[in-house]
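Asks: here is a sequence with its predicted model. Questions after.
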Amino acid sequence: MLMRAIDAGEISPELGADATVDALVGPIVYRALTGASIPRGLVDTLVDDLLRPRAQGD
């Protein structure tokens, strides 16, 4: 699904699909394993920063 979105220009291709999943899921899993709270907005920030397509030169 990520590869289709990357190919369609819907999400940023900078990290690649595997690294993007790692970057999205890693902080959540880490917090769950350590018992740390998940701050409000963390998932939104991760998704916005990792998946939003960037214009050339940004």
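Replies: Done, it's in.
Asks: report the longest helix in the protein, please.
Replies: helix 17-34 (DSSP state H).
Asks: contacts only, for I6.
Replies: By Cβ atoms under 8 Å, 6 or more residues apart in numbering, the contact list for I6 reads S12, P13, A17. (C-beta placed from N, C-alpha, C; glycine too.)
Asks: filter those to the buried ones?
Replies: Among the contacts of I6, those scoring as buried are S12 (criterion: 16 or more other Cβ atoms under 10 Å).
Asks: out of the contacts of I6, which one sits closest to D48?
Replies: S12 (10.6 Å; Cβ to Cβ).
Asks: list the contacts of Y30.
Replies: A36.
Asks: hmm, T20 is touching V47, no?
Replies: No - counting by Cβ atoms under 8 Å, V47 is not a contact partner of T20; they are 10.1 Å apart.
Asks: okay, these two: which has more neighbours?
Replies: T20 (20 against 12; other Cβ atoms under 10 Å).
Asks: returning to that earlier point: now the longest helix of the chain: how far from the chain's centre is it?
Replies: Centroid displacement of helix 17-34 relative to its chain, using Cα atoms, centre = their mean, to the nearest Å, is 9 Å.
Asks: average pLDDT for the very next helix or strand once past it?
Replies: Following helix 17-34 in sequence order, the next helix or strand is helix 42-51 (DSSP states H and E). The average pLDDT for helix 42-51 rounds to 84.
Asks: so how far is helix 42-51 from its chain's centroid?
Replies: Helix 42-51 sits 5 Å away from the centroid of its parent chain (Cα atoms, centre = their mean).
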